[in-house]
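Undergrad: sequence and predicted structure below; questions after.
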Amino acid sequence: MLVTNCATGTLAPYVPDVNNPWDQKKVLHLYRRLGFGASPQTIANALSQTPATLVDALIDQAINTPLPPAPVWADWDINDYTDFGQQTQEQLIEWVVRWIRSMLSNSVREKMTLFWSNHLVTKYEAYACPSQLYQYHTLLQQHAFGNFKTLVYEMGKTPAMLVFLNGVQNTSLEPNENYARELYELFTLGQGNGYTQTDIQETARALTGWNGYITYCSTISYIPFLHDNGSKTIFGQTGNWGYDDVIDILFEQRAEQVAQYICTKLYRQFIHPDEVNQDIVDGLAQTFQAHNWELAPVLRQLFKSEHFFDEQVIGTIVKSPTDMMVAFIQDSGYNSLYVPSDDTMLSVTYLIYTIGQELFNPPDVSGWAGNRSWINGSTLTARWQGMDYHVYNLFQFQQAALVNLAKTLSNDSIDPAYITQKIVDYYLPNGFNNPASYEQATAVFKWDVPQNYYDSAGWNLDWDIAYIQVALLLRHISRLPEFQLM
């Protein structure tokens, strides 16, 4: 079933007014789309800034924050291991866990890194080298808000990509078209958009020579002897083209197609997954080309726009497993109320995989389809179980955090209906659309506490069992259809 995109508004900056206020709902929308959620205190602080100032601050921070330190195995090859199978498995898990923790500490950069990992796709199981994974991932982080042409240029020479899409097998003696095809079809132009089979064949010839793979898990060097020095014709341009020429010709001769394709994908990822507003994409594409393929100006324009903050955009995308699991930690007060333990982060990693998103191992070169594909009979129950784990973890080990969460959101209210509403409206992008749902949630929150304690104002959030009540409400919320959206 196709969901209609009813969003209006242009790329003009969103300027709040009486009829369209800057409120918690919109701030949460920004933090959940551009990042992985935010703590109640972060949201409260953000309300004191203008939308444009906040977007700039978030993107500036993402750009300027140093990358995580390299692991000790960052440049290891097979000769550095004593038990290759066991150690590489441990290193993979170590790095995924570190990435998920980075999603909490540098939410915006890592959200874009996740996006690019699902666009310039590799599969770890195809190359199975932690050092090559580190190089690939670091490249995505470095260029998440940088220059797209540079990102594409560097990606094609990255060992993970050279192995995954057979670039290391592409020689003048036996050309391999795999990477050339995906360079156009998936990475820059889109399927059947502005290229021919001949363009793919000629491009593959121009990309030959990156075959210097002597030691497993080592770097891959360029071997001039294995490069095809013959004349090639790509997009109507004829010459003795090499790797650099391919990228230059692509971005010069097919600039409009590249800009449209990438900006459409950004729109589907961050605005609406089903119906694209072509006027918005056209404006973004124009900005993309005008700024010589720099991503930051495009993303600033998009996330500041009145179109992004349109009410019809909020709550239209199904959360990915990573969005759901990581954002719940953020939303529940990471940094300000509690910091997850290493065991918790390892469990979150496992749960994300179980629910259907094996980080660094998407199903194929086209990546995860996303949105409604995340939900089916088995993954929905797995999502519930995953959230049960999160809530139980808070219930068992972070009881004060549960109480502080309720106090922060409700200003330490003693009204169970008001507390419930504030918690519901925080976790659900559009709250409930009917009073009965709030009443049902309030009944869950009130639990077994006799009504007379509420009526006489004898109950408050400092009761010994208040943390249980908050946990029960969070479990109730996490099983609602609305919770699956952002």
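TA: Everything's here; your move. Predicted model, so just to flag it, every value in this text is computed and none were measured.
Undergrad: what are the contacting residues of whichever strand or helix holds residue 140?
TA: Residue 140 is located in helix 130-142, with elements delineated by DSSP states H and E. In this structure, residues lying in contact with helix 130-142 by C-beta atoms under 8 Å, 6 or more residues apart in numbering are 67, 70-71, 73-77, 88, 91-92, 95, 99, 109-110, 113, 116-117, 120, 122, 124, 127, 151, 154-155, 158-161, 163, 217, 360. (Each C-beta comes from the backbone N, C-alpha and C, glycine too.)
Undergrad: again, but for stretch 244-258
TA: So stretch 244-258 is contacted by 149, 152-153, 156, 183-184, 188-190, 193-195, 203, 206-207, 234-237, 239, 241, 285, 289, 293 (C-beta under 8 Å, 6+ apart).
Undergrad: could you redo the last one with a cut-off of 6 Å?
TA: 149, 153, 188-189, 193-194, 203, 206, 234-235, 237, 289 (C-beta atoms under 6 Å, 6 or more residues apart in numbering).
Undergrad: for the residues you listed, which one is nearest residue 326?
TA: Out of the contacts of stretch 244-258, the one with the shortest distance to residue 326 is residue 188. That distance is 29.1 Å, counting by C-beta to C-beta.
Undergrad: please name the nearest non-neighbouring residue to residue 390.
TA: Distances taken as C-beta to C-beta, 6 or more residues apart in numbering place residue 328 nearest to residue 390, at 5.4 Å, with adjacent residues excluded.
Undergrad: how many neighbouring residues does that neighbour have?
TA: For residue 328, the tally of surrounding residues (other C-beta atoms under 10 Å) stands at 23.
Undergrad: numbering from 375 from now on, please.
TA: OK, 375 is where the count begins now, so the last one is residue 702.
Undergrad: that one belongs to a helix?
TA: Yes: per DSSP: H, G, I helix; E, B strand; the rest coil, residue 702 lies within a helix segment.
Undergrad: right, and residue 707 touches residue 777 too?
TA: No: taking C-beta atoms under 6 Å as the definition, residue 707 is not a contact partner of residue 777, at 10.8 Å.
Undergrad: of those two, which one has the most company?
TA: The residue with the greater number of neighbours, taking residue 707 and residue 777 and applying other C-beta under 10 Å, is residue 707; the counts read 23 against 19.
Undergrad: list the contacts of the more buried one.
TA: Residue 707 makes contacts with 413, 775, 779, as judged by C-beta under 6 Å, 6+ apart.
Undergrad: could you do residue 600 as well?
TA: For residue 600, the set of contacting residues under the criterion of C-beta under 6 Å, 6+ apart consists of 545-546, 583, 585.
Undergrad: for those residues, which two are the farthest from each other?
TA: Longest span within the contacts of residue 600, C-beta to C-beta: 546 and 585, 9.6 Å.
Undergrad: give me the more crowded residue out of these two.
TA: Regarding residue 546 and residue 585, a neighbour count based on other C-beta under 10 Å identifies residue 585 as having more, with 21 against 16.
Undergrad: measure that one to residue 673 for me?
TA: Using C-beta to C-beta, to the nearest Å, one obtains 36 Å as the distance from residue 585 to residue 673.
Undergrad: wait, residue 835 sits on residue 782?
TA: No: using C-beta under 6 Å, residue 835 makes no contact with residue 782, being 10.3 Å away.
Undergrad: and the contacts of residue 600 as a markdown table, adding secondary structure?
TA: Below are these laid out as a markdown table (three-state DSSP):
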| residue | secondary structure |
| --- | --- |
| 545 | coil |
| 546 | coil |
| 583 | coil |
| 585 | coil |
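Undergrad: for residue 423, state which of those is nearest.
TA: Once C-beta to C-beta is applied, the member of the contacts of residue 600 that ends up nearest residue 423 is residue 583, at 50.4 Å.
Undergrad: for the closest residue to the closest one other than its chain neighbours, what are phi and psi?
TA: Spatially, and ignoring its direct neighbours in sequence, residue 583 is nearest to residue 601 (3.3 Å; C-beta to C-beta, 6+ apart). Backbone geometry at residue 601, expressed as degrees, to the nearest 10, gives phi -90, psi 140.
Undergrad: helix or strand for residue 837, which one?
TA: Since the elements are taken from DSSP H and E, residue 837 ends up inside neither a helix nor a strand.
Undergrad: same deal with the one 10 residues further on?
TA: Counting by DSSP H and E, the element that carries residue 847 is helix 840-852.
Undergrad: with residue 416 instead?
TA: Assigned by DSSP H and E, residue 416 falls in helix 414-420.
Undergrad: who are the packing partners of whichever helix or strand comes after that helix?
TA: Using DSSP H and E, the helix or strand that follows helix 414-420 towards the C-terminus is helix 425-438. Other elements packing on helix 425-438 under the criterion 3 or more C-beta pairs under 6 Å, 6 or more residues apart in numbering; DSSP states H and E are helix 481-491, helix 669-678.
Undergrad: what's the closest of the ones you listed to residue 404?
TA: Put simply, out of these the one that sits nearest residue 404 is helix 669-678, at 6.7 Å, with distance taken as C-beta to C-beta.
Undergrad: now that closest one, how far from the chain's geometric center?
TA: Relative to its chain's centre, helix 669-678 lies at 16 Å (C-alpha atoms, centre = their mean, to the nearest Å).
Undergrad: what of stretch 632-648?
TA: In this view, stretch 632-648 has its centroid 14 Å away from the chain centroid, taken as C-alpha atoms, centre = their mean.
Undergrad: give the buried residues for it.
TA: Using 16 or more other C-beta atoms under 10 Å as the test for burial, stretch 632-648 gives 632-647.
Undergrad: hmm, the residue nearest to residue 583 is touching residue 585, no?
TA: No: contact criterion C-beta under 6 Å: residue 601 and residue 585 do not qualify, at 8.9 Å.
Undergrad: if we can go back for a sec, ok, the residue nearest to residue 764 to residue 731 distance?
TA: Between residue 702 and residue 731 the distance, using C-beta to C-beta, works out to 15 Å.
Undergrad: okay, residue 380: pLDDT?
TA: What the model reports for residue 380 is a pLDDT of 83.
Undergrad: tell me the strands in the stretch 575-724 of the chain, going along the chain?
TA: When secondary structure is read from DSSP state E, counting those that start in this stretch, the stretch 575-724 of the chain shows strands at 606-608, 611-613.
Undergrad: and for the stretch 725-860 of the chain?
TA: Counting by DSSP E, counting those that start in this stretch, the stretch 725-860 of the chain has no strands at all.
Undergrad: show me the shaky parts of this structure.
TA: Counting by pLDDT under 70, the chain contains low-confidence residues at 375-377.
Undergrad: quick one: contacts for the spatially closest residue to residue 589 that is not a sequence neighbour?
TA: The spatially closest residue to residue 589, leaving aside those adjacent along the chain, is residue 451, at 4.8 Å (C-beta to C-beta, 6+ apart). With C-beta under 6 Å, 6+ apart as the criterion, the residues that contact residue 451 are 589, 591-592.
Undergrad: same thing but 10 Å
TA: The neighbourhood of residue 451, defined by C-beta atoms under 10 Å, 6 or more residues apart in numbering, consists of 503, 505-506, 588-593.
Undergrad: tell me which of those residues is nearest to residue 696?
TA: Checking the contacts of residue 451 against residue 696 with C-beta to C-beta, the nearest one is residue 506 at 21.8 Å.
Undergrad: tell me the spacing between the closest one and residue 536.
TA: Separation of residue 506 from residue 536 (C-beta to C-beta): 9 Å.
Undergrad: residue contacts, the closest residue to residue 455 other than its chain neighbours?
TA: Closest residue to residue 455 in three dimensions, ignoring its sequence neighbours and counting by C-beta to C-beta, 6+ apart: residue 461, at 5.2 Å. Counting by C-beta under 10 Å, 6+ apart, residue 461 touches 447, 450, 454-455, 504.
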